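*Asks:* got a structure for you, letters missing:
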C-alpha cells in the first residue's frame with residue numbers, strides 16, 4: 001500500500017514485469033509516454049513490461065523516484081495534514097521465460113478497469129486478499145499468492161475480451177473471434193501437424209482468401225507465420241523444461257529432422273537450440 005499527500009508525483013522505472021494496482025482513495029493521472037489515464041477511487045490498472053511511467057496528482061509537480069519513496073515511505077506525506085490523501089495498492093509479477101513476451105503481448109499498454117465496472121469490484125476483492133496474504137505468515141502463503149495473481153491476470157484478460165472492437169491485433173483478439181478462434185484451437189491442439197492455410201480455413205468455415213485476410217487483421221500475423229511462432233514457443237519450453245532428445249523437440253515443433261529444426265530455430269531466435277538451452281540453464 002502506498003499513501004501520499006497532495007501535491008505528489010512518483011516516477012517508476014521501466015520494469016520487465018507486469019505491474020498492477022488499484023486506487024483506494026484520491027485521484028491521479030497515470031502517464032506512460034503519450035498515454036494518459038485518469039484514475040478514480042476503485043479504478044484498477046495493469047501494464048505489461050512498461051517503460052518509465054509516472055503517477056501524479058497534478059501537472060506541475062516534480063516526480064520523486066520510486067526508489068526514494070521505497071527507502072522513505074514518508075517522503076511524500078508532507079507537513080500539512082489537511083491536504084488530500086491518495087492511497088493505492090500496487091504489486092507486480094513476472095512471467096516465466098522463455099515465452100514471457102508472447103504472454104505479455106496479450107495485454108494492452110494499459111489495462112484500465114473503471115470502478116463502475118463489475119470486474120473492478122472483483123479485482124478489488126482479489127487485491128484485498130492478496131494484500132492480506134502478502135503481509136501474513138501463514139502456511140501455504142507462496143501457493144496462495146501464486147493462485148491469486150493468476151486469477152487477477154485472468155480477470156484482466158476477461159475485461160479485455162469484452163472489448164473486442166477496440167482490441168489490438170493479437171492472440172487474445174483471435175480467441176474472441178468466433179471463426180478465427182476455431183482455427184487457433186485446431187492448430188494449438190495439433191501444432192506439429194503439417195497445416196496449410198486451406199485446412200485452417202476449413203476449420204474456420206471460411207474461404208481460403210477470406211480466412212487469410214481476416215486472420216492477419218485480427219491476430220496481426222499470417223496463419224503460417226503464427227503457427228511457426230507458436231511452434232518455436234513450444235520448442236523453447238521443451239528445450240528448457242525437459243530432457244527430451246533433440247529429435248523429439250524437433251517433432252514437437254513440426255520438423256522431421258534435427259537439422260531442419262535447428263536451422264528454423266536459429267533463424268527465429270538468432271542462436272542454435274543447444275546454445276539457447278545452455279543460456280537458459282546457465
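*Replies:* Nice, I can see it. Quantities reported herein were computed from a predicted structural model and do not represent experimental measurements.

*Asks:* So what touches the helix or strand harbouring residue 37?
*Replies:* Assessed by DSSP states H and E, residue 37 sits inside strand 35-39. Residues from elsewhere that reach strand 35-39, judged by C-beta atoms under 8 Å, 6 or more residues apart in numbering: 23, 27, 28, 29, 30, 45, 55, 88, 109, 110, 112. All C-beta spots, glycine's among them, are computed from the backbone N, C-alpha and C.

*Asks:* go again using 7 Å as the cut-off
*Replies:* 23, 27, 28, 29, 30, 45, 109, 110, 112 (C-beta atoms under 7 Å, 6 or more residues apart in numbering).

*Asks:* Which helix or strand lies directly C-terminal to the longest helix anywhere in the chain?
*Replies:* The longest helix of the chain (DSSP state H) is helix 141-161. Counting by DSSP H and E, the next helix or strand C-terminal to helix 141-161 is helix 171-176.

*Asks:* elements contacting that following helix?
*Replies:* The elements that helix 171-176 packs onto, with contact taken as 3 or more C-beta pairs under 7 Å, 6 or more residues apart in numbering; DSSP states H and E, are helix 141-161, helix 180-189, helix 208-219.

*Asks:* Least confident of those helices, on average?
*Replies:* Mean pLDDT values for those show the minimum at helix 141-161, a mean of 72.

*Asks:* how far out from the middle of the chain is that helix?
*Replies:* 11 Å (C-alpha atoms, centre = their mean, to the nearest Å).

*Asks:* count of residues packed around the nearest residue to residue 14 once chain neighbours are set aside?
*Replies:* Excluding the flanking residues, the one nearest residue 14 by C-beta to C-beta, 6 or more residues apart in numbering is residue 51, at 4.6 Å. Residue 51: 12 surrounding residues under other C-beta atoms under 10 Å.

*Asks:* If anything else comes up later, I'll come back, but that's it for now.
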